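Colleague: predicted model, plus sequence, below.
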Amino acid sequence: MIVIMKPSATTANIASVSARIEHFGCRVHLSEGEEHTIIGVIGDVRAIDREQLERMEGVERTVRIQKPFKLAGRDFHPQDTVFTINGKSVGGKQLIIMAGPCAVEGRESLLETAEAVKESGAHVLRGGAFKPRTSPYSFQGLGEEGLRILAEARAQTGLPVITEVMAPEQVPLVASYADILQIGARNMQNYALLHAVGESHHPVMLKRGMMSTIEELLMSAEYILSHGNERVMLCERGIRTFETYTRNTLDINAVPLLKQLTHLPVIVDPSHGTGKWELVAPVSRAAIAAGADGLIIEVHPRPDEAMSDGGQSLKPKRFTELIVSLQPIAEAVGRTVCE
Ligand code: PEP
Ligand code: MN
């Protein structure tokens, strides 16, 4: 349930309605819009006397929310969520472009890639230090050493860093180096991890599980939001289908659908979504045309030598060409790639 306050409601009115809700054993979550403040009621709303709440000063009406995702849904928070990461805004007119290698493989190559993607116009540097690999014999990432290299690349280029965190106990360590915490597809329903990043003060990018529905993705976002972290981005990275030409099938429907259902920014990962570097540019353009708020793209200076995901990584030159080609598409849908 949500309580929509009148535009004239005072801070004192909001405080008394919140106190009444808490008295019924529920928690409150405030969303301050341009006109109305909306009070989200979290918990067992059956105990709440709606008529009593509606008689309180400053209350316009109460609305029952049928959808299971309450904080992530547009009913509770109609306006787009926009937040900044190191001065770059996410979810507004400006698109956010994140780029870098699948995994941090070493100092030299990461610094080289970081400089290259910055030069092309990327806003955030990506790179995995802890890699969730299908085989335990594959390269698992450099761990903390990889995080140190990412921090050095940030110091050198000024680009904020996004990297994956795989376990709740890793959150403090990864957060001490990274600017954005990435929850990988395989961990979308790792509820202990969602709880832990929900309590952190870092923005989170939550990737859709490869076999997860859109509602499951939103319920996972709900875990993070309900633990107090409001800076959440969702990422469509392709789902498994019967098609075998591509690694995954990028669900382009998910982009406008998520934009309808939720106020959270939506990012698209065309690298994992296709698994083929040749498809990354056209699918990136499709994602922006469909309304995505940004992209996360794998870039490697020598894809043939990459320790993971070389086949879907763009060389820096092709990445630059892609960024240039995105601008007219962005403009056509009222967005911009660069300020
Ligand atoms: C990645 O971003 O490198 C990654 C492992 O992605 P996903 O979790 O989407 O497979
Ligand atoms: Mn990868």
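Modeller: Nice, I can see it. Ligands and ions are numbered 1, 2, ... in the order given.
Colleague: contacting residues for the residue of the stretch 201-339 of the chain at minimum distance from ligand 1?
Modeller: In the stretch 201-339 of the chain, the residue that lies nearest ligand 1 is Arg237 (3.9 Å; CB to the nearest ligand atom). Heads up, the C-betas are built off the backbone N, CA and C, glycines and all. Arg237 is in contact with Ala185, Lys207, Arg208, Met210, Asn248, Leu250, Val268, Asp269, His272, Gly273, counting by CB atoms under 8 Å, 6 or more residues apart in numbering.
Colleague: for those, give me CSV that also has distance to Arg302.
Modeller: Formatted as CSV, the contacts of Arg237 follow (distance: CB to CB, whole Å):
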residue, distance to Arg302
Ala185, 26
Lys207, 26
Arg208, 30
Met210, 27
Asn248, 24
Leu250, 25
Val268, 25
Asp269, 21
His272, 20
Gly273, 23
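Colleague: how far away is the closest residue to ligand 1 within the stretch 101-250 of the chain from Ala167?
Modeller: Closest to ligand 1 within the stretch 101-250 of the chain is Gly184: 3.0 Å, counting by CB to the nearest ligand atom. Per CB to CB, to the nearest Å, Gly184 is found 11 Å from Ala167.
Colleague: likewise for Met210?
Modeller: Taking CB to CB, one finds Met210 at 19 Å from Ala167.
Colleague: counting neighbours, go ahead and name the busier of the two.
Modeller: For Met210 and Ala167, the more surrounded residue by other CB atoms under 10 Å is Met210, and the numbers stand at 17 against 14.
Colleague: now whatever helix or strand Ala151 lives in, how far from the chain's geometric center?
Modeller: Ala151 is part of helix 144-157, with elements assigned from DSSP states H and E. Computed by CA atoms, centre = their mean, to the nearest Å, the chain-centroid distance of helix 144-157 equals 21 Å.
Colleague: in that helix, what counts as buried?
Modeller: Across helix 144-157, burial judged by 16 or more other CB atoms under 10 Å covers Gly146, Leu147, Ile149, Leu150, Ala151, Ala153, Arg154, Thr157.
Colleague: so the second one touches Ala175, yeah?
Modeller: No - with contact defined as CB atoms under 8 Å, Leu147 does not count as touching Ala175 (10.0 Å).
Colleague: start to end distance for stretch 39-58?
Modeller: 12 Å (CA to CA, to the nearest Å).
Colleague: among the buried residues of helix 144-157, which are in reach of ligand 2?
Modeller: Among the buried residues of helix 144-157, not one lies near ligand 2 by CB under 5 Å from the ion.
Colleague: what's the closest of those residues to Val59?
Modeller: Of all the buried residues of helix 144-157, Arg154 has the smallest distance to Val59: 46.6 Å, by CB to CB.
Colleague: give me phi/psi at the residue lying closest to the closest one once chain neighbours are set aside?
Modeller: Distance criterion CB to CB, 6 or more residues apart in numbering; nearest residue to Arg154, sequence neighbours excluded, is Val161 at 5.0 Å. As for Val161, its main-chain torsions (degrees, to the nearest 10) stand at phi -120, psi 140.
Colleague: next, count neighbours for Val161.
Modeller: Neighbour count for Val161, taken as other CB under 10 Å: 25.
Colleague: that one against Ile149, yeah?
Modeller: No - counting by CB under 8 Å, Val161 stays clear of Ile149, with 9.9 Å between them.
Colleague: burial count for the residue lying closest to Asp75 once chain neighbours are set aside?
Modeller: Excluding the flanking residues, the one nearest Asp75 by CB to CB, 6+ apart is Ile65, at 5.0 Å. Using other CB under 10 Å, Ile65 has 16 neighbouring residues.
Colleague: measure Ile65 to Tyr191 for me?
Modeller: Using CB to CB, one obtains 21 Å as the distance from Ile65 to Tyr191.
Colleague: quick one: residues contacting Ala196.
Modeller: Per CB under 8 Å, 6+ apart, neighbours of Ala196: Pro168, Val171.
Colleague: then the host helix or strand of it to CSV, C-alphas only?
Modeller: Per DSSP H and E, Ala196 falls inside helix 191-198. Taking Å, rounded to 0.1, in the frame of the first residue of the first chain, the C-alpha atoms of helix 191-198 are listed here in CSV:
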residue,chain,number,x,y,z
TYR,A,191,19.6,-13.1,-1.4
ALA,A,192,22.3,-12.8,1.2
LEU,A,193,24.4,-10.9,-1.3
LEU,A,194,21.5,-8.7,-2.2
HIS,A,195,21.0,-8.0,1.5
ALA,A,196,24.6,-7.1,1.9
VAL,A,197,24.8,-4.7,-1.1
GLY,A,198,21.5,-3.2,0.1
